[in-house]
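> predicted model follows, preceded by the sequence.
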Number of protein chains: 2
Amino acid sequence: MESANQEKQGGVLGHGRLRVRTLTDKLKSKVVEFCSNVKKLGEDDPRRVLHSLKVGLALTLVSLIYYYQPIYHNFGVSAMWAVMTVVVVFEFSVGATLGKGLNRGVATLLAASLGVGAHHLASLSGQIGEPILIGLFVFLQAAVSTFIRFFPNIKARYDYGLLIFILTFSFVSVSGFRQDEILELAHKRLSTVIIGGATCVIISIFICPVWAGQDLHNLLATNLDKVGDFLEGFVDEYCKTSSESTKEDEKTSFRGYEKVLNSKATEESLANFARWEPGHGRFKFRHPWKQYLQIGALTRQCAYRIEALNGNLNTHIQVSADSRSKVQEAIKTMSRESGKALKELASSVKTMTKPSSADSHIEKSKSAAKNMNSLLNSDLIWQDTKVDQLQELIQIATVASILIDIVNWVDKISDSVHQLSISANFQNLEPTVSPEKSQKPAAKSPTTHPDPHVVITVAEDGGEPNNSIQTNKIVNHDELKVPESSRNENSSCVNRCD
Amino acid sequence: MESANQEKQGGVLGHGRLRVRTLTDKLKSKVVEFCSNVKKLGEDDPRRVLHSLKVGLALTLVSLIYYYQPIYHNFGVSAMWAVMTVVVVFEFSVGATLGKGLNRGVATLLAASLGVGAHHLASLSGQIGEPILIGLFVFLQAAVSTFIRFFPNIKARYDYGLLIFILTFSFVSVSGFRQDEILELAHKRLSTVIIGGATCVIISIFICPVWAGQDLHNLLATNLDKVGDFLEGFVDEYCKTSSESTKEDEKTSFRGYEKVLNSKATEESLANFARWEPGHGRFKFRHPWKQYLQIGALTRQCAYRIEALNGNLNTHIQVSADSRSKVQEAIKTMSRESGKALKELASSVKTMTKPSSADSHIEKSKSAAKNMNSLLNSDLIWQDTKVDQLQELIQIATVASILIDIVNWVDKISDSVHQLSISANFQNLEPTVSPEKSQKPAAKSPTTHPDPHVVITVAEDGGEPNNSIQTNKIVNHDELKVPESSRNENSSCVNRCD
């Protein structure tokens, strides 16, 4: 009995100890996980760390108002509006900060004057009428402004301004009921808001600025590049036998296009911020950001079709290397050339140069699509098909159909980038390069069997006149952080496939 | 000379008048456009008008603090925090309001106490050390909190709380430098924030509440329904000759699935808000909202493939009614049955009943997909193909491949809805209905030629035991605002096509 009790006690104690140990272990692993998360977050985008420090700096600067008697004497308790403004207005990008700052400033000015007017009007109606009239004004103003906030266009650009309008109007007109120096109140609020807003804007512009426009620009180029990467890599993935299945990490880089599928919200908010930004770097004040959204939408259309293509790649059997070579060749050309075209477009967006170098790839992919259509319509490839090859043939036809569709969309993207290059004054490439390029499609008539060795070899060895373009291209891709490994993979697989 | 001058003057005057007239005309049309926009915005969702009135009401109520001496005496100038809280916290849905209110309340409590502590600590270090120490605290706190806001999980739920934390901490600790009654300041700020927050929460919950959870629930059902609509309608669109091209307005309803493509951001924010909401209607407090996001993601996968399918529909020639009937029949079954399955799933989500009625459609679509595969692999359909039919055949094969992929995704959606029905305790349908349904797939062996007339006729005439399910379904679709016209269109086209 006793020993049983002891055992039980020991069990309980041991159990308790065990629980404490698991708890501390859990806590430890949580802390380690948190630390590695912090590190990763900072490493992914070091501008985040900088932004945090900038917010700290702005807040410390603004709170100086409190410490120095001469300044504090002017503002008194209103000094806190400056602190509040900094906390609320300071955003990650210059555009967002400027947008919020301007919204807050203008809305405060408007609402403060209207609030003073409303208070004056109400005070004419005597002691009893005054609170009723002020209440009515506040109610009407809040209801109308809140409703206006539902307009999509206004919500995108002036949502914060309307919020501050409601806030300041209510605050000034209601405060007037208690304080006599309502004009001074409105004036103090306005000037502290301006001090806070100006601090934010100055710090965000002059200390390591984060431009939303630049981010949108990079995002567009990266997305084009990702979709291009898939299309270029698709050829190799497609002609692999199952024994050569791709390694997991390579697959991840191959699936980079997936981020493009849901890029709409990010692109739209960046474009909204970018419109507030002054000219910076290579972007003028009225840079055609809307055109970026259009290209982004077209890129998504490609990504949707790639998703369908990928579904086909995963569910069906792999195609053996020796069958239906003509059709397969056309597929390869379509995919590879449209991929290259997209990557050229990406690099021309990135470097802001005219996208003429993509044209030859577009032409090649289009003529391959045409060829594909006529090939599929001829009975040559179908005549001698055996029953066991049918499944394969159907898969090829499916992939071909989707690719023809993709080639059309890539053509539209190219048109849109050309339009952008005109409206945003993209530079011409150096004259030593461009004449060759424009000759390219003419010199080499669009065939269904362009030799991919030429393009790749030139890039690796150098020495031919074509190099300048090719090398230029590769430098740009490096900027877009395309891993070296995936490019090598491509060139080796091209050799193997052909 | 003079007459020329007069003419010129007359011309200038006339020109001026013309310009004034065009300006007023422009202004008029702008005003008319604005008014119609306002009307449309209100009619699209009348809850917007209600929300605006609710904000006005809350603001008026809170500003009562200013008007009544006994209450104002307690708070003084701090009363404005209540006004500010209402303006900033009151959001469209209960979840968003609750989330912001709780964030603001808890963050104010924490930051106020920490701010008081920081001020106390700093005041120990003498007159010179105090502002330096306070400045250091403010800087560190702002930098760390701003960095934490970058964590995606924290940003989704506690972003506003962290903002208020920075704000209150800076405000309280810095104000302490000037005001002696810092405890009173912190206490006043906390209590006015609570008054403002409570007003918002109470009004948003008890006066015509807008539940984010209910919205997410409806959105999911509507999206499933839209994709189902396309798949069901696709059959009819697909077997139309070019002379019967669809009218524009019908095409719009047909393209309803396009909104699904970019639904991710909306779904995620609704799910975030919904998690703050208490139990309401048929949803408990810990309703599995995450599962909704999963189903939403799967629905988008279907929508991506539909976009590819649609590209195929638009670019290729239409299929004539007499060719390749077997394959075409299988395509029709796949598309129609998976569409019906999705619509059943939508209605079961909508009514929160077990989705067993979709199973038979899933089974049918899956067996049609199997059939399709074996059909395409047999040489029967390819043997006697003439050259001019090849293009058509390839289109069919492409559509079939994509549809097989879609059938797989619909199956996954069905699994996910089943999981949801378990974790969210969906009700069983009445026992009089379910046995029949479970017999359905067994009684009618899955063929590639299910007679669509049966389904449609039963729904229209009524009288058979199957009716209860069918009628039930249609009532649910009405709830989902599927236009009557598109359903009629379907039934008539089914007759024509077969």
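The structure has been received and is ready for your questions.

> what distance do you get for residue A:127 to residue A:352?
Separation of residue A:127 from residue A:352 (C-beta to C-beta, to the nearest Å): 66 Å. All C-beta spots, glycine's among them, are computed from the backbone N, C-alpha and C.

> check contacts around residue A:308.
A:402, B:304-305, B:307-309, B:402, B:405 (C-beta atoms under 8 Å, 6 or more residues apart in numbering or on different chains).

> name the helix or strand for it, please.
Per DSSP states H and E, residue A:308 falls inside helix A:289-315.

> okay, angle between that helix and helix B:289-315 too, please.
90 degrees (axes from the mean of the first three to the mean of the last three C-alpha atoms, to 10 degrees).

> so how far is helix A:289-315 from its chain's centroid?
With C-alpha atoms, centre = their mean, to the nearest Å as the basis, helix A:289-315 stands 14 Å off its chain's centre.

> which residues of chain A score low on pLDDT?
A:1-13, A:177-180, A:237-254, A:312-325, A:376-393, A:429-498 (pLDDT under 70).

> which helix runs longest in it?
Secondary structure of chain A per DSSP state H: the longest helix is helix A:2-44.

> so which elements touch that helix?
helix A:47-67, helix B:126-148 (3 or more C-beta pairs under 8 Å, 6 or more residues apart in numbering or on different chains; DSSP states H and E).

> out of those helices, which gets nearest to residue B:227?
helix A:47-67 (37.7 Å; C-beta to C-beta).

> one step back: among the contacts of residue A:308, which ones are buried?
The neighbour-count test (16 or more other C-beta atoms under 10 Å in any protein chain shown) applied to the contacts of residue A:308 identifies A:402, B:304-305, B:307-309, B:402, B:405 as buried.

> what would the residues you listed look like in a markdown table with distance to residue A:339?
A markdown table is the format used below for the buried ones among the contacts of residue A:308 (distance: C-beta to C-beta, whole Å):
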| residue | distance to residue A:339 |
| --- | --- |
| A:402 | 14 |
| B:304 | 19 |
| B:305 | 21 |
| B:307 | 20 |
| B:308 | 18 |
| B:309 | 23 |
| B:402 | 21 |
| B:405 | 22 |
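
> between those residues, which is nearest residue A:78?
Among the buried ones among the contacts of residue A:308, and counting by C-beta to C-beta, the member closest to residue A:78 is residue B:304, at 54.0 Å.

> list the contacts of the closest one.
Residues near residue B:304 by C-beta under 8 Å, 6+ apart: A:261, A:304, A:307-308, B:261.

> ok, now residue A:294?
Listed by C-beta under 8 Å, 6+ apart, the contact partners of residue A:294 are residue A:416.

> and the gap between it and chain B?
As judged by C-beta to the nearest C-beta, to the nearest Å, residue A:294 and chain B stand 15 Å apart.

> for residue A:287, same thing?
In terms of C-beta to the nearest C-beta, residue A:287 sits 24 Å off from chain B.

> quick one, what contacts that residue?
Residue A:287 sits in contact with A:213, A:274, A:279, A:424, where contact means C-beta under 8 Å, 6+ apart.

> which among these end up buried?
Buried residues within the contacts of residue A:287, counting neighbours by 16+ other C-beta under 10 Å: A:213, A:274, A:424.

> chain B contacts on the stretch 151-300 of chain A?
Applying C-beta under 8 Å from any C-beta of the partner chain, one finds that the stretch 151-300 of chain A approaches chain B through A:151, A:163, A:166-167, A:170-171, A:174-175, A:177-178, A:261-262, A:264-265, A:300.

> among those residues, name the ones in strands.
With DSSP state E as the criterion, strands contain none of those.

> select only the buried ones of these in PyMOL?
Here is the PyMOL command that picks out the buried ones among those, judged by 16+ other C-beta under 10 Å:
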select buried, chain A and resi 151+163+166+167+170+171+174+175+177+261+262+264+300
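
> in helices only, show me the residues of the stretch 151-300 of chain A next to chain B.
Among these, the members falling in helices (DSSP H) are A:163, A:166-167, A:170-171, A:174-175, A:261, A:264-265, A:300.

> picking that back up, what's the farthest-apart pair in the contacts of residue B:304?
The distance between the two most remote of the contacts of residue B:304 (C-beta to C-beta) is 12.6 Å, for A:308 and B:261.

> find residues that contact each of those two.
Shared contacts of residue A:308 and residue B:261 (C-beta under 8 Å, 6+ apart): B:304, B:307.

> which residue ranges make up each domain of chain A?
Listed domain ranges for chain A are A:2-40, A:48-206, A:212-423, A:447-497 (source: automatic domain parsing).

> closest to residue B:20 out of these?
Per C-beta to C-beta, nearest to residue B:20 of the domains of chain A: domain A:48-206, 28.0 Å.

> got the end-to-end distance for that closest one?
16 Å (C-alpha to C-alpha, to the nearest Å).

> can you pull out the helices in the stretch 301-450 of chain A?
Ranges of helices in the stretch 301-450 of chain A, per DSSP state H, counting those that start in this stretch, are A:325-351, A:359-377, A:380-383, A:390-423, A:434-443.

> buried deepest among the ones you listed, which one?
With neighbours taken as mean count of other C-beta atoms under 10 Å in any protein chain shown, the helices of the stretch 301-450 of chain A reach their highest mean count in helix A:325-351, at a mean of 25.

> looking at the contacts of residue A:287, spot the one nearest residue A:133.
For those, the minimum distance to residue A:133 (C-beta to C-beta) is 43.3 Å, reached by residue A:274.

> closest to the centroid, which residue in chain A?
Nearest to the mean C-alpha position of chain A, by C-alpha atoms, centre = their mean, lies residue A:219 at 4.3 Å.

> in a helix, that one, correct?
Yes. Residue A:219: assigned to a helix according to DSSP: H, G, I helix; E, B strand; the rest coil.

> mind listing what it touches?
A:263, A:266-267, A:270.

> adding neighbour count and distance to residue A:428, write those out as TSV.
As requested, the contacts of residue A:219 are exported to TSV (neighbours: other C-beta atoms under 10 Å in any protein chain shown; distance: C-beta to C-beta, whole Å):
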residue	neighbour count	distance to residue A:428
A:263	21	30
A:266	16	31
A:267	22	27
A:270	28	28
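
> what segments of the stretch 151-300 of chain A are helices?
Using DSSP H, counting those that start in this stretch, the helices of the stretch 151-300 of chain A run over A:152-175, A:182-206, A:212-238, A:248-254, A:258-261, A:264-274, A:289-315.

> in TSV: those helices, plus distance to residue A:62.
Formatted as TSV, these follow (distance: least, C-beta to C-beta, whole Å):
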stretch	distance to residue A:62
helix A:152-175	18
helix A:182-206	5
helix A:212-238	24
helix A:248-254	44
helix A:258-261	38
helix A:264-274	23
helix A:289-315	31
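
> single out the most deeply packed of the ones you listed.
Highest mean neighbour count among the helices of the stretch 151-300 of chain A (mean count of other C-beta under 10 Å): helix A:212-238, with a mean of 24.

> so that one versus helix A:47-67, what angle?
On the basis of the same axes, to 10 degrees, helix A:212-238 is oriented at 160 degrees to helix A:47-67.

> check the offset of helix A:212-238 from the chain's centre.
Distance, centroid of helix A:212-238 to centroid of chain: 12 Å (C-alpha atoms, centre = their mean).

> ok, now stretch A:335-344?
Here the centre of stretch A:335-344 is set off from its chain's centre by 21 Å, with C-alpha atoms, centre = their mean.

> thinking again about what came up before, among the helices of the stretch 301-450 of chain A, which comes closest to residue A:20?
Nearest to residue A:20 among the helices of the stretch 301-450 of chain A is helix A:325-351; the distance by C-beta to C-beta comes to 55.6 Å.

> counting by contacts, list what that closest one packs against.
Counting contacts by 3+ C-beta pairs under 8 Å, 6+ apart, helix A:325-351 packs against helix A:212-238, helix A:359-377, helix A:380-383, helix A:390-423, helix A:467-479.
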